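*Asks:* I would like to see how this sequence folds:
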Amino acid sequence: MMPIDFKAYKAQVVVPLAKDRNRMDAVASAIRELKSGAGEQALAPVNPAKLFDLSSAADADLAAHFRSIETTLNKWGGNPPSAALLRQLLEAMKVAALDFERAEFWAGQATAQAKARSGHVAAFIEGVKADHPLGVVTPDDLEGLARGAGLSDVPVDELRRAAEAAGMSVEADFEPPAAAVPKVLSSIVSHPEFRTIGDLLVFPDRADKISFIDDLRIGERRLTVADVHAAHHRSETAKDSNAVQQAQKALGLIKSQCSDDAALHQLVAAVLFEQATSIVRQGGTRLQNRDGLIARGIGRTDASRVVSKLQPAGGGSAPSAPSIQILAALAAGSLGEAQRLAQTLPELADDTAERAVAVSKLQEAVSKKETARKEYDRALAARDFATAARALTDAIAIDAGDSDLRMKLEALPPAAPQTPVLRAEGTSVLASWPAVADRNVSYTVVRTDGSVANTPSDGVVVAHSVTAPSAVDTAPPIGRKARYSVFATRDGQQFSDPASAELMITPAPSGLMAVVTDSEVSLTWDMPDEAIAAEIRQETSEGTAQFFTVPQGRTLTVSGLTTGMKYVYLVRAVYVAAGVRVNSDPAQVDATPKGSIAPVADFQVRAVEDPNQHEVEISWTEVAGYRTEIWTFPVAKRSQLSALSTPDHFAAAGGRRIQPLPGGSERGGGVTRRYAIDDGVQIFLPYTFEGNVGVVGPGVVAGSAPTVRECVAEKFGDTVKLSWRWPDGDYLMQVSWHRGGLDRTARVTRAKYRADGGFVISPGDGVTDIGVATVIKSADEEWVSAPVAVAHAQDRMSVSYRLTIKKGMFKAPSVEVRLDPGEYSGPLDCLVVCAAGPFMPTSPADGDVRARERLELRAGRAATLEVALPKLPSPFWVRVFSDGSSSADLVDPPTDQMKG
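*Replies:* Okay, the predicted model is just below:
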């Protein structure tokens with residue numbers, strides 16, 4: 001027998017045991033169970049072979065080995081405390097009459113120990129999973145947790161294998177990247193095209209399953225500097241946008257900073273870690289933040305490692321009462337953990353009632369899970385996959401850790417798609433149906449002659465394993481019915497029940513064309529060989545119709561038509577299905593018999609005299625059978641217009657096609673339309689065309705120019721001095737006035753105006769009809785706007801008004817006064833007077849003054865006020881008077897408006 005090295009035994013077994021509270025408790029529990037008659041199985045959880053150092057004992061010397069151990073433990077007494085506990089364990093083994101001095105006993109213990117350790121490790125890993133919902137743990141954390149669970153003698157490699165077998169990842173800890181992140185790379189994710197810098201590196205594709213902590217990869221492919229150069233080249237040839245410009249700038253910066261793959265890895269890792277840090281700082285649970293990173297393309301393992309680093313699980317506070325821990329596990333959907341806690345947590349005196357409630361809820365959850373499983377079995381047998389999926393989902397909500405439930409859910413066929421919508425498109429059929437949210441679902445579409453397909457192999461397969469919710473049949477049977485059945489699947493093996501619809505396939509004629517002369521229309525078309533005839537309907541704008549039938553043929557000529565009249569032709573293909581004639585939908589073409597193309601005649605442009613409307617009214621005589629568009633050009637381009645013949649030439653010369661406003665008229669070949677226009681003077685040009693052939697008519701200069709504002713005319717002796725606010729731009733002003741039976745004009749530049757402090761009309765006596773117009777000059781011509789009228793001392797301006805008397809059965813009457821100041825700007829003191837009786841008041845004294853208002857009027861802007869009236873018998877009058885203090889006169893409305 002080898003002598004026991006008690007110094008090493010104490011250092012390697014006894015002292016570590018004294019420091020491990022969990023193992024001390026386990027030894028104490030084994031002692032209690034031995035004393036209560038549990039037998040040798042009570043020793044399995046504590047590994048007595050290690051506790052009593054059997055590695056140094058030969059089989060024949062076990063009795064002597066234990067005597068030596070017992071003597072030494074007695075000598076040590078209670079120092080350390082584990083020595084006394086081991087002595088008690090040895091005494092309990094004697095009292096239990098265990099045959100521990102025989103080798104066969106320890107062989108059995110080794111088997112029991114291995115089984116017990118396997119169970120303890122499995123339970124421990126389940127606990128680790130519950131504490132680490134992200135599914136990752138570091139080797140150091142795993143080893144530390146194992147020590148705390150009394151499994152310090154289990155090698156870390158064994159713990160790692162058990163964790164990975166349970167679906168966890170054991171990943172080394174890492175230090176955050178230290179590289180500085182340029183602002184342009186931080187801001188790249190502000191563009192929705194780039195979820196992370198990974199999308200930038202594969203531009204214009206999307207990067208998914210990005211790894212960046214240990215290595216830089218997208219999926220299984222390493223990212224290198226060459227990828228950056230390729231992405232930068234693609235960005236330079238992409239369609240220009242803000243996002244593309246930002247991509248070019250960012251990729252250029254990466255190229256300049258990263259000379260090799262290692263530098264690229266460091267920079268990208270720093271950018272991604274900074275983005276993850278920003279997301280975590282916004283709050284949310286660790287699972288939410290992990291899933292947010294995955295949605296942005298980060299691989300699951302690296303997303304979990306980063307969130308674990310940035311948002312470590314809380315710890316350090318005292319554990320909650322057992323009842324609270326059980327309920328918390330239930331609330332988290334961890335039924336297995338709740339059952340484990342209920343079995344292992346000690347019963348506390350002050351938690352008895354609460355624990356009973358928690359256990360009751362635990363039993364209820366177990367029952368609900370079992371009910372959901374039975375519902376799943378019933379629905380699966382009935383091929384009710386939707387109900388089966390709901391039942392499994394309910395069960396998983398109760399016990400999220402049950403991998404069997406998840407496997408069953410993943411293996412379920414999807415629910416049957418909704419009924420497809422069928423639409424004939426020429427000689428093809430488009431089948432479409434509502435998409436489902438499950439990205440793993442694909443579809444197979446089958447065509448049959450009439451009956452619904454039972455499986456995806458029944459009939460002609462139109463589409464196989466497509467992910468888009470639509471399919472096109474390019475060779476359907478023509479002139480008869482076909483049924484399309486849609487099957488859904490996740491794995492290509494198990495398929496849903498079909499959704500189906502039926503369609504009669506009768507393609508309309510294709511390639512319908514019309515060729516015209518001045519009195520004939522010749523039609524040509526194509527249609528499937530299965531069509532037996534074509535039926536043609538000719539309609540006119542006058543409402544008349546004529547019908548033609550063409551057996552088998554593909555052409556028709558109609559003569560004796562009216563030049564310039566529009567004809568509509570509807571051509572239907574005729575099929576025979578099951579002995580019944582069936583017509584297709586019509587193909588349509590319009591045709592107008594016409595002569596040679598010519599420019600329009602009588603082209604006129606007139607400004608609309610309304611200060612609130614920036615419009616012109618254009619009229620011309622239409623050329624029968626041809627379309628006319630209106631184009632505008634800058635006045636400076638006039639010399640170039642004679643060379644124009646096509647819209648491409650127009651656009652190159654600065655032209656712009658303008659669209660008519662709603663309304664207008666067409667009568668006897670004459671067309672009148674209104675058009676909204678921009679500020680300034682333009683050339684309006686008519687373009688008459690058909691297809692790519694057209695002619696240009698004569699142009700007309702028209703438009704609007706910015707006018708002077710705040711015009712004032714003041715009389716000084718025998719002169720009249722004008723002043724105004726000039727519009728922006730380099731314009732001349734033309735002043736016009738009437739005196740002595742003659743119309744007179746003069747032009748003034750801005751410089752001259754400033755030098756003279758205005759414009760002076762001399763002599764000013766008898767001057768009327770003063771106006772100021774804007775002059776626009778080009779290289780070889782000029783245009784003068786309509787003049788702005790200027791009031792002066794010899795003129796009084798007028799303000800008109802309208803009255804609307806409002807009477808109700810249950811409310812007092814009122815009157816709405818709407819004043820139109822016309823060209824007048826300034827104050828107006830007005831009085832609203834009401835008078836009963838047959839005679840209209842001629843002054844405010846003839847009635848009751850209901851309102852006295854001072855209004856600040858602006859030219860061209862109507863003003864409105866509403867005044868309450870007393871209840872008066874009919875007839876009564878309402879009239880508005882001016883107090884005479886303003887320089888404008890009120891003009892009464894028609895008498896019927898004033899009488900109530």
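
*Asks:* Now for the nearest residue to His738 once chain neighbours are set aside, how many residues are close by?
*Replies:* Excluding its sequence neighbours, the residue lying closest to His738 (CB to CB, 6 or more residues apart in numbering) is Asp769, at 4.2 Å. C-beta here means a position set from N, CA and C on the backbone, and glycine is covered the same way. For Asp769, the neighbour count with other CB atoms under 10 Å is 14.

*Asks:* Show me the strands in the stretch 701-850 of the chain, by range?
*Replies:* 709-716, 719-725, 732-739, 742-748, 759-761, 768-777, 782-784, 788-790, 797-806, 814-820, 826-836, 848-857 (DSSP state E, counting those that start in this stretch).

*Asks:* Tell me, what's the model's pLDDT at Ala243?
*Replies:* At Ala243, the pLDDT value in this model is 80.

*Asks:* Kindly export stretch 398-406 (C-alpha atoms) in CSV.
*Replies:* Extracted C-alpha coordinates of stretch 398-406, given in CSV (Å, rounded to 0.1, in the frame of the first residue of the first chain):
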residue,chain,number,x,y,z
ILE,A,398,-45.9,27.7,-21.6
ASP,A,399,-42.7,25.8,-22.0
ALA,A,400,-40.4,27.6,-24.4
GLY,A,401,-37.5,25.2,-23.5
ASP,A,402,-39.3,22.1,-24.9
SER,A,403,-37.3,21.5,-28.1
ASP,A,404,-39.6,18.7,-29.1
LEU,A,405,-42.5,21.1,-29.4
ARG,A,406,-40.5,23.4,-31.6
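
*Asks:* List of residues touching that stretch?
*Replies:* With contacts defined as CB atoms under 8 Å, 6 or more residues apart in numbering, stretch 398-406 is touched by 126, 129-130, 167, 332-337, 365, 368-369, 372-373, 392, 395-396.

*Asks:* mean confidence for that stretch?
*Replies:* pLDDT averaged over stretch 398-406 gives 81.

*Asks:* cool, and stretch 448-465?
*Replies:* 90.

*Asks:* Give the buried residues for it.
*Replies:* 448, 452-453, 456, 459-460, 462-463 (16 or more other CB atoms under 10 Å).

*Asks:* Likewise for stretch 17-29?
*Replies:* 17-18, 20, 23-24, 26-27.

*Asks:* List the contacts of stretch 501-509.
*Replies:* Taking CB under 8 Å, 6+ apart as the rule, stretch 501-509 contacts 419-422, 424, 426-427, 429, 431, 450, 476-484, 525-528, 534, 571-573, 575, 577, 582-587.

*Asks:* how about the nearest residue in space to Trp76 that is not next to it in sequence, secondary structure?
*Replies:* Counting by CB to CB, 6+ apart, Ala83 is the residue found nearest to Trp76 once chain neighbours are left out, at 4.1 Å. With DSSP: H, G, I helix; E, B strand; the rest coil as the basis, Ala83 sits in helix.

*Asks:* Touching, Ala83 and Val14? I think so.
*Replies:* Yes. Using CB atoms under 8 Å, Ala83 makes contact with Val14 at a distance of 5.6 Å.

*Asks:* between these two, what contacts are shared?
*Replies:* Going by CB under 8 Å, 6+ apart, residues that sit against Ala83 and also against Val14 are Trp76.

*Asks:* still on that earlier bit, which among the contacts of stretch 501-509 count as buried?
*Replies:* 420, 422, 424, 427, 429, 431, 476, 478-480, 482-484, 525, 527-528, 534, 571-573, 575, 584, 586-587.

*Asks:* okay, now the closest residue to Ala859 other than its chain neighbours: neighbour count?
*Replies:* Spatially, and ignoring its direct neighbours in sequence, Ala859 is nearest to Ser825 (4.6 Å; CB to CB, 6+ apart). Ser825 has 18 neighbours, counted by other CB under 10 Å.

*Asks:* Can you report phi and psi for Ser825?
*Replies:* Backbone torsions of Ser825, given as degrees, to the nearest 10, read phi -130, psi 130.

*Asks:* Just confirm it contacts Leu855, I think it does.
*Replies:* No. Contact criterion CB under 8 Å: Ser825 and Leu855 do not qualify, at 11.4 Å.

*Asks:* how far away is the spatially most central residue of the chain from Asn242?
*Replies:* Residue closest to the average C-alpha location in the chain (CA atoms, centre = their mean): Pro192, at 10.1 Å. From Pro192 across to Asn242, the span is 11 Å (CB to CB, to the nearest Å).

*Asks:* so Val767 makes contact with Ser736?
*Replies:* No. Counting by CB under 8 Å, Val767 stays clear of Ser736, with 10.8 Å between them.

*Asks:* okay, those two: which has more neighbours?
*Replies:* Neighbour count, other CB under 10 Å: between Val767 and Ser736, Val767 has more, with 22 against 17.

*Asks:* ok so Ala243 is a helix residue?
*Replies:* Yes. Judged by three-state DSSP, Ala243 forms part of a helix.

*Asks:* Return the residues in contact with it.
*Replies:* 191-194.

*Asks:* Gln109 too?
*Replies:* Gln109 touches 40, 43-44, 48-49, counting by CB under 8 Å, 6+ apart.

*Asks:* after the helix or strand of the chain with the lowest mean pLDDT comes which helix or strand?
*Replies:* Lowest by mean pLDDT, DSSP states H and E among the helices and strands of the chain is helix 103-131, with a mean of 75. Counting by DSSP states H and E, the next helix or strand C-terminal to helix 103-131 is strand 136-137.

*Asks:* What are the contacting residues of that next one?
*Replies:* 128, 145, 163, 168-171, 301, 304-305, 308.

*Asks:* Within the sheet, what are the partner strands of it, with directions?
*Replies:* Strand pairing for strand 136-137, determined by DSSP bridges: strand 169-170 (parallel).

*Asks:* Confirm for me that Ile254 is in contact with Leu267.
*Replies:* Yes. Contact criterion CB under 8 Å: Ile254 and Leu267 qualify, at 6.7 Å.

*Asks:* Give the residues shared as contacts by the two.
*Replies:* What both Ile254 and Leu267 touch, as defined by CB under 8 Å, 6+ apart, is the set Leu185.

*Asks:* OK, contacts around Met527?
*Replies:* Contact analysis of Met527 by CB under 8 Å, 6+ apart lists 507-510, 534, 554, 573, 584.

*Asks:* Take the residues you listed and write them to a markdown table, including distance to Val700, secondary structure and pLDDT.
*Replies:* Listed next are those as a markdown table, based on distance: CB to CB, whole Å; DSSP: H, G, I helix; E, B strand; the rest coil; pLDDT from 0 to 100:
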| residue | distance to Val700 | secondary structure | pLDDT |
| --- | --- | --- | --- |
| Pro507 | 50 | coil | 92 |
| Ala508 | 45 | coil | 92 |
| Pro509 | 45 | coil | 92 |
| Ser510 | 44 | strand | 91 |
| Ala534 | 48 | strand | 94 |
| Arg554 | 47 | coil | 91 |
| Ala573 | 50 | strand | 94 |
| Ser584 | 49 | coil | 91 |
